[in-house]
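Visitor: What would the 3D arrangement of this be:
(one chain, ligands or ions: 1)
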Amino acid sequence: MIRLDNVSKTYDHTSQGLQNITWSLDPGAFVFVTGTSGSGKTTLLKLLYGAERPTSGSLWVNGYAVASLRGDPLARFRRQLGVIFQDYKLIPNRTVAENVAFVLWAQGHDRKAVDRRLVPTLKLVGLQQKADCFPDQLSGGEQQRVSIARAIVSTPPLLLADEPTGNLDTENSLQIMEILHKLRDVGITIVITTHDEQLVNRFNHPVLQVHQGRLQTLRP
Ligand SMILES: Nc1ncnc2c1ncn2[C@@H]1O[C@H](COP(=O)(O)OP(=O)(O)OP(=O)(O)O)[C@@H](O)[C@H]1O
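Guide: Next up, the predicted model:
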């Protein structure tokens, strides 16, 4: 699902960035990526979904040589991935249902096809009762669940989640983890960045750590 060959990324000569990362991840895996603030976790995810290009090295995601994609092919590649952002990035003046359905409309699905996917997705994240609410009428945990629904409504093979529990209390974090496990159970490959040690220790998933520009295995 993911392969990095000697990938480095530096933004400028003052920051350390990522250095010579070689890594591969099989389909169906569920991994945590940890590291202190500023270590490069978000940068790693950005490289994976093509929002940043490596300074050197090559990477493939779901069979695509991501670094060489531009324009329409890059947009098509991104539509095949699920990405959960740290700050949710919901559209404020659209309802929950519209925020989630937006992806499907953009892909050209008709109303029937949208409804067929939307309803079970909202159910999966426990938001069927909140479909007509606006983001500012929701709690933080609910907003994060909308962002998960949006990321998975088109059943991507790979889900990249940047600190998906970062702003949530323990109960909400565990709810999010439960949803992510359900997605893993239907075969979606999942990469989660987090600096929440308690969360990492609660589950027995492989753990990678970004440290001094390198990617190390903390738990295989
Ligand atoms: N667009 C950018 N331009 C210049 N430097 C950047 C840019 N984005 C990130 N950096 C720098 O790259 C380093 C890694 O940042 P990154 O956001 O990947 O860290 P992180 O591990 O995700 O941190 P956090 O846990 O705080 O979100 C930091 O030193 C940051 O200042």
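
Visitor: For this structure, which residues are neighbours of the ligand?
Guide: Within the chain, the positions lying close to the ligand (Cβ under 6 Å from any ligand atom) are Tyr11, Ser15, Gly35, Ser37, Gly38, Ser39, Gly40, Lys41, Thr42, Thr43, His195. Yep, even glycine has a C-beta here, placed from its N, CA and C like the rest.

Visitor: Just give me the residue closest to the centre of this protein.
Guide: In the chain, the C-alpha nearest the mean C-alpha coordinate belongs to Leu160, at 2.2 Å (Cα atoms, centre = their mean).

Visitor: What strand or helix carries Gly108?
Guide: Assigned by DSSP states H and E, Gly108 falls within no helix or strand.

Visitor: For the residue nearest to the centre of the chain, what is the enclosing helix or strand?
Guide: strand 158-162.

Visitor: Run the chain-centre distance for that strand.
Guide: 2 Å (Cα atoms, centre = their mean, to the nearest Å).

Visitor: Now do the helix or strand just after it: everything it contacts.
Guide: Counting by DSSP H and E, the next helix or strand C-terminal to strand 158-162 is helix 170-185. Under the criterion Cβ atoms under 8 Å, 6 or more residues apart in numbering, residues 28, 30, 124-126, 139-141, 144-145, 148, 152, 159, 161, 164-165, 168, 190, 192, 196, 198-199, 202-203 lie in contact with helix 170-185.

Visitor: and what of stretch 7-21?
Guide: With Cβ under 8 Å, 6+ apart, stretch 7-21 has contacts from 4, 6, 22, 40, 43-44, 47, 52-59, 210, 212-215.

Visitor: CA atoms of that stretch as CSV?
Guide: The C-alpha coordinates for stretch 7-21 follow below in CSV (Å, rounded to 0.1, in the frame of the first residue of the first chain):
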residue,chain,number,x,y,z
VAL,A,7,12.8,9.7,1.0
SER,A,8,14.0,13.0,2.4
LYS,A,9,12.1,16.2,2.9
THR,A,10,13.5,19.5,4.1
TYR,A,11,11.5,22.8,4.0
ASP,A,12,14.6,25.0,4.4
HIS,A,13,18.2,24.5,5.7
THR,A,14,17.2,25.5,9.2
SER,A,15,14.7,22.7,9.9
GLN,A,16,15.8,19.1,10.1
GLY,A,17,12.9,17.6,8.2
LEU,A,18,12.8,13.9,7.3
GLN,A,19,15.9,12.1,6.2
ASN,A,20,16.4,9.0,4.1
ILE,A,21,13.3,7.2,5.1
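
Visitor: Near Arg217, how many other residues are there?
Guide: No, residue 217 isn't Arg; it's Thr. Thr217 has 11 neighbouring residues, counting by other Cβ atoms under 10 Å.

Visitor: In terms of helices and strands, where is the residue lying closest to it once chain neighbours are set aside?
Guide: Distances taken as Cβ to Cβ, 6 or more residues apart in numbering put Leu208 closest to Thr217, at 5.9 Å, once the chain neighbours are dropped. Applying DSSP H and E as the criterion places Leu208 in strand 207-211.

Visitor: Leu4 too?
Guide: With DSSP H and E as the test, Leu4 turns up in strand 2-9.
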